[in-house]
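Chemist: Structure, please.
(chains A and B)
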Amino acid sequence: MANPYETLGVASNASQDDIRKAYRKAAKETHPDLNPGKPEAEKRFKDLNAAYDIVGDADKRKRYDAGEIDETGAERQPERHFYREYAEAEPNARRSYGRRGASPSGGGNGGAGFDYDIFSDLFGRRGEGATFRMPPQDVRYTLEIDFLDAVSGTHKVVSMPDGKTLDITIPAGINDAQVLRLKGQGLPGSDGKPGDAYVEISVRPHAGFKREGHNIVSTLPVSLGEALNGASVRVDTVDGAVDVKVPKGAKEGTKLRLRGKGVPRGKDDGRGDQLVEIHIVPPEGADEALAQFMAEWEKTHPQNPRTKGAI
Amino acid sequence: MIRESELIAQFTYLERQVLLTWIDDGVVAPRRDEQGYVFDPVDEARVALACDLHYRMGLEHASLPVILSLIDQLHDARHHLRTLTRAVAEQPETVLQEITRRMTR
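Modeler: Numbering: from 1, shown residues only, chains lettered A, B, ... in the order given. Next up is the predicted model:
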């Protein structure tokens, strides 16, 4: 998650009052219930809330500034259903709101009070002509996909806020924040031509793999014995596990290259590699025999790892 | 669906008295049975919206019914516009062209 000050668009030394003002201004523009026509508003509003939960509270803000809590230090926001999800359903199925005891016709709410005249005006006036022109509307969505789906490509069927479904083909090797353009899947303008839909891909991080360009980077823990004597070990790749030879005398940080196990480069251009970084895990616990052996061994092999290349 | 106490526990800053005022003012309209109020998911979502508007965005109590009524009208309008758009889209090509012609003129 981003720095909460940046999310709110304020300086890190802004006053509590300024932070509150910035939050309120941004919340007004992004609260999903105040912006039912903007499907992308929800994520931005959640980010804002998470940021405001930290720096909007003077005590939490002090702890954040002091590094005691990070950007995620605030309470997790529970799965929330916004009112707009219900409110645009069939109006008859909804509640009737208004002051209790008032006559039902008194309140300006519920579907009954809706003024259809707008539309009769719009379609009924012959010869006068309506005065507005509506261009085709582009629509923007965000789609979250798994790391492995991003590498190998996938199909997603997504239901849009307006009830229609989109079948989205995600090409293999797609990157985080990449935007797919779906031609003609936006909203039609007054000339009948539809706009386009833009789908921004957000790739969920993977516990074991990280992406660097077209390469995939992972860490391979090996025991001290395996590093000294070499070994054949199973290593996870995005295609499944493969056997990998750890060379005799492998050092901490040595990178083994698994050719072609990376991310596809696009049209018939092969794939990147997987780089497996060796991480030597010392034996667990204190072992007397090993400790004695090392003490003896170091007498004849003095070594000070801090003298060469030390910081 | 949940009860009043569960609802209040869910929104940490919501006070019972405020909730009762909202119900009186018609900001929220929960069902009622012998044991008291019953809040369906739509009511919960509406309370969450009212909490955002009041506690986080600083709106006065008196303006909540006004704002929520406007939001409801907006949703109604969107619902009807959508219904209308669907109905229009099902018309024959010649009708669509005629509508388009009139709207773009």
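Chemist: Let me see the ranges of the strands in chain A.
Modeler: A:139-145, A:154-159, A:165-170, A:179-182, A:197-203, A:210-212, A:215-223, A:231-237, A:240-246, A:255-258, A:274-281 (DSSP state E).
Chemist: nope, chain B is what I was after
Modeler: Using DSSP E, strands in chain B cover B:2-3, B:31-33, B:36-39.
Chemist: now the strands of chain A in TSV, with mean neighbour count and distance to B:Trp22?
Modeler: In short, each C-beta sits where N, CA and C put it, glycine included. Output for these, formatted as TSV (neighbours: other C-beta atoms under 10 Å in any protein chain shown; distance: least, C-beta to C-beta, whole Å):
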stretch	mean neighbour count	distance to B:Trp22
strand A:139-145	16	33
strand A:154-159	12	32
strand A:165-170	14	37
strand A:179-182	14	41
strand A:197-203	19	36
strand A:210-212	15	48
strand A:215-223	18	53
strand A:231-237	14	53
strand A:240-246	12	56
strand A:255-258	15	61
strand A:274-281	18	57
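Chemist: As CSV, the ones you listed with mean pLDDT and distance to chain B would be great.
Modeler: Shown next, in CSV, are these (pLDDT from 0 to 100; distance: least, C-beta to the nearest C-beta, whole Å):
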stretch, mean pLDDT, distance to chain B
strand A:139-145, 84, 14
strand A:154-159, 84, 15
strand A:165-170, 84, 15
strand A:179-182, 86, 19
strand A:197-203, 87, 17
strand A:210-212, 92, 36
strand A:215-223, 94, 40
strand A:231-237, 93, 41
strand A:240-246, 92, 42
strand A:255-258, 93, 49
strand A:274-281, 93, 43
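Chemist: for the chain, what are the low-confidence residue spans?
Modeler: Here I'm looking at chain A. Counting by pLDDT under 70, the low-confidence segments of chain A come to A:1, A:72-79, A:89-96, A:98-134, A:161-163, A:190, A:308-311.
Chemist: hmm, I had chain B in mind actually
Modeler: Using pLDDT under 70, chain B drops low at B:105.
Chemist: tell me how far the longest helix seen in chain B is from the chain's mean position?
Modeler: Criterion DSSP state H: the longest helix present in chain B is helix B:64-89. The chain centre lies 10 Å from the centre of helix B:64-89; the measure is C-alpha atoms, centre = their mean, to the nearest Å.
Chemist: Stretch B:56-68 too?
Modeler: Using C-alpha atoms, centre = their mean, the offset of stretch B:56-68 from its chain centre is 13 Å.
Chemist: Buried residues, it. List them.
Modeler: B:Arg56, B:Met57, B:Leu59, B:Leu64, B:Pro65, B:Ile67, B:Leu68 (16 or more other C-beta atoms under 10 Å in any protein chain shown).
Chemist: near chain A, anything from that stretch?
Modeler: Yes: Stretch B:56-68 lies within reach of chain A by C-beta under 8 Å from any C-beta of the partner chain, at B:Arg56, B:Met57, B:Gly58, B:Pro65, B:Leu68.
Chemist: that older thread, identify the farthest-apart pair in the buried residues of stretch B:56-68.
Modeler: Farthest pair in the buried residues of stretch B:56-68 (C-beta to C-beta) is B:Arg56 and B:Pro65. Separation: 18.2 Å.
Chemist: Chain A versus the spatially most central residue of chain B, what's the distance?
Modeler: The centroid of chain B falls nearest to B:Asp72 when counting by C-alpha atoms, centre = their mean (5.0 Å). Distance, B:Asp72 to chain A, using C-beta to the nearest C-beta, to the nearest Å: 5 Å.
Chemist: Would you agree that residue is in contact with A:Glu88?
Modeler: No: B:Asp72 is not in contact with A:Glu88 according to C-beta atoms under 8 Å; the separation is 10.3 Å.
Chemist: now stretch A:166-186, how far from the chain's geometric center?
Modeler: For stretch A:166-186, the distance to the chain centre is 15 Å (C-alpha atoms, centre = their mean).
Chemist: Thanks a lot, catch you later.
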